[in-house]
Every structure is written in C-alpha cells, then in structure tokens.
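Chemist: got a sequence here, can you build the structure:
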Amino acid sequence: MDNTFGNSFLTRLKKLGSTFDGPLALIMFLIMSVGIITLYSAGIDFPGRVEDQLRNIIICFVVMWIAASIPPQRLMRFAVPIYTVGIALLIAVAMFGLVRKGARRWINIGVVIQPSEIMKIALPLMLAWFFQNKDGKITWREYVKAFIILAIPAALIMKQPDLGTAILVAATGFYVIFLAGLAWKAILIMFGCFAASLPLIWMLLHDYQRHRVLMLIDPSSDPLGKGFHIIQSMIAIGSGGLTGKGWMQGTQGYLNFIPERTTDFIFAVFGEEFGLVGNIVLLILYLLLIARGLIITLRASTTFSRLLAGAITMMFFMYAFVNMGMVSGILPVVGVPLPFMSYGGTAMVTLGLGAGILMSIHRNRSLIQT
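Modeler: Modelled structure (predicted):
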C-alpha cells in the first residue's frame, strides 16, 4: 500500500517535472524571490501585500502548468475564439466598463477583469495562427490584413485611455509580423511615416500623456507635480551607489518619496537598497529569461510555435525594458509593471500564461505538424 502510494507520487512528480521547463522555471523563481524580498521592504506600510503576492505567484505557477500541458497544436485551435472574445470584451469596456482614476479599463463579469491584459497573449496567438495558415504564401496583402488584426485591439485599448498597454499589445503583435518575414524596407517606410505623423499624434494625445513626455525631457520644470515620479525614482537609484544602502535601509521608500513603490516603481526601491551590483544581477536574470525564450523560439518545430514563442519572449523584454527605462528616467512614465517582481495579480498571471506557452512549445518541439 505504502509502496503503491510512493510510486504514484513519484510518477506524478516526474510528470510535473517533464511539463515544466527547468531553466525557465528556475529563472522565474529567482526573479520572483528577489521580488518578494523587495516587496517586503517596499510594502512595509501596506499590510498583507506580501501574502497577496505569494498567492499571485501560486496562481501564476498553476496557470503556467496548465498552459504548459496544452500542446501548441491544440492551443492553435483556440486562437480565433480567444481573440474574438478579447475584442468583444474591449468593446464592452468602451460601452459600459468601470471607470477608475479617470480611465475606463475594467469590466465586471462576476469578477472585475481588465480585458486589455488578455490581448497581450490573444493578439500574438491570433497572428501566429494567421501566418501558420499562410505559410509559404505570404504577400503584402497578408501583411496588411495582419496589421488590421493588430490595429483593432490597439485602438480600443488606446481609447480607454491606456497608452502603455496599447504599446505593449501592439509591440507583441508587431514582433509576430516581423518574425513572419516583414522586409526591412517596409519597416523603414513605416518608421518614416510614423516620424512624419508625430505632430498629428502629439495633437491626439491626452494632456496627461503630453505631460509625461515633457517631464521626460525636463522633469525639473514641475518637480512637485508631473515630474515628481521621475525625479524621486532617479534619486533613489542614484543614492544606492555601488552596493546599495542595504535591505530595508532605503530612505526614499520609507519616507514615501517613491510613488507606487510596490508596483510600477519597485525597481527604484530595489536599486536604492541593492545598488549597481544588485541591478546588474537583476539585469542578468532578465537577460537569461529572454535568452531562454529565444532558444525555445529557435528550436520550435512549426511556424505557429516559432512566431508565438518569439512574440512572448519579446513581450518579456518589453515589460522589463519599458519599466526599467521609465524608472531610470530614459522613457516616459507609463503603467507597465516589472515582470515577476511588481505587486499585482493580472500581470503576473498573464506573464505566467506566456511562460507556460513557451514551456509547451519547448516540450512539443519534436512534433512536426502535418
């Protein structure tokens, strides 16, 4: 009886181990551990946040395990339904979504959700399916159709308004189109058109979005208002020096100078307490995460798997680059969390889902679709 139970447990453990990709799961675990340590310090005035984040991490790994257990061939069948549901939810948000802090980004369907987060996975999934079906017959018409598929959710999200998420969603979709073989000449033409349209884009931006761009150029012009976020985060990172002030010894965080220090600006708390050495270690962890994703992308066995894996990997890159860039003062402040570190459940689950899909693609890399 005991041997039977023991053998059954070992069998399930081996099955779990074969589902997870060891290197990817280890890197994620290390980043999450750093995040919990930093959150404990940053959230000292926010009781219960560490416990909530541990719950979010557990949910993340459960979602990751479920996604890793679904073969890419089966996942491809859900591309169109998931994208369609995502678009329907975004339209529903525009019509009767919940308004918080001046933005209409959420909807109550029994539970309050943010549909734009769904599109971070649904859009690359849809585009990867689209190009899989066009494999070997991709013309300029297919690229035009792909950009229309990309533009619809990006426009709906930008209308909420949520420029940061719209940029992330559009970027993940663009990576799929680029990996599908979009010519550099076409990219340069689009970049030229984008540059020429900047005056029009500037006119269409909301006032707070214009202020964020202006504060990037000169945050000292409004040090106690619009420029406060950037100035205080740069002071925190700079004051950390080479080795930092020590865990739970940061003054900017404890004195409440760093805004949103448990969410979007948690990197400022980390930089103050662990310094340049800690920042380099964290940067290496993110580079390893991205490198593992790129390895999985290169080993993917189908067009669908390769495009989807590449887009998810670059999504990880965009999250980390944009967050660290805005906290360091080299990019405008947008609402983008630091992956697997910032407090919050929605982004954590979305990233866990993406990691699970990467694991599924790696696990099924030897299967050639007929």
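Chemist: checking Leu125 next. Helix, strand or coil?
Modeler: Classification of Leu125 using DSSP: H, G, I helix; E, B strand; the rest coil returns helix.
Chemist: and what of Pro223?
Modeler: coil.
Chemist: number of residues surrounding it?
Modeler: 13 (other CB atoms under 10 Å). Bear in mind the C-beta positions are built from the backbone N, C-alpha and C, glycine included.
Chemist: do the same with the one 3 residues further on
Modeler: By other CB under 10 Å, 17 other residues sit near Lys226.
Chemist: quick check, it in contact with Val213.
Modeler: No: applying CB atoms under 8 Å as the test, Lys226 and Val213 come out as separate, 10.3 Å apart.
Chemist: and the nearest residue to Leu179 once chain neighbours are set aside, what does it touch?
Modeler: Among residues not flanking Leu179 along the chain, Gly310 sits closest, at 4.7 Å (CB to CB, 6 or more residues apart in numbering). Applying CB atoms under 8 Å, 6 or more residues apart in numbering, we find Gly310 in contact with Tyr175, Val176, Leu179, Leu294, Thr297.
Chemist: and the residues you listed, which two are the farthest apart?
Modeler: Val176 and Leu294 (14.8 Å; CB to CB).
Chemist: the more surrounded of these two?
Modeler: Val176 (28 against 15).
Chemist: any idea how many residues pack against the nearest residue to the more buried one once chain neighbours are set aside?
Modeler: Counting by CB to CB, 6+ apart, Val176 lies nearest to Leu127, which is 4.0 Å off, once chain neighbours are set aside. The burial count assigned to Leu127 is 29, neighbours taken as other CB under 10 Å.
Chemist: got it, and Ala309?
Modeler: Ala309 has 29 nearby residues by other CB under 10 Å.
Chemist: okay, it: pLDDT?
Modeler: In this model, Ala309 is scored at 94, pLDDT.
Chemist: give me every residue that touches it.
Modeler: So Ala309 contacts Gly293, Ile296, Thr297, Ala300, Ile357, Leu358, Ile361 (CB under 8 Å, 6+ apart).
Chemist: quick check: buried residues in the longest helix belonging to the chain?
Modeler: In the chain, with assignment by DSSP state H, the single longest helix is helix 266-299. Going by neighbour count (16 or more other CB atoms under 10 Å), the buried part of helix 266-299 is 266-275, 278-279, 282, 285-286, 288-290, 292-293, 295-297.
Chemist: for stretch 54-71, same thing?
Modeler: By 16+ other CB under 10 Å, the buried positions in stretch 54-71 come out as Asn56, Ile57, Cys60, Phe61, Val63, Met64, Trp65, Ala67, Ala68, Ser69.
Chemist: distance of the last one relative to Val336?
Modeler: Computed with CB to CB, to the nearest Å, the distance linking Ser69 and Val336 is 29 Å.
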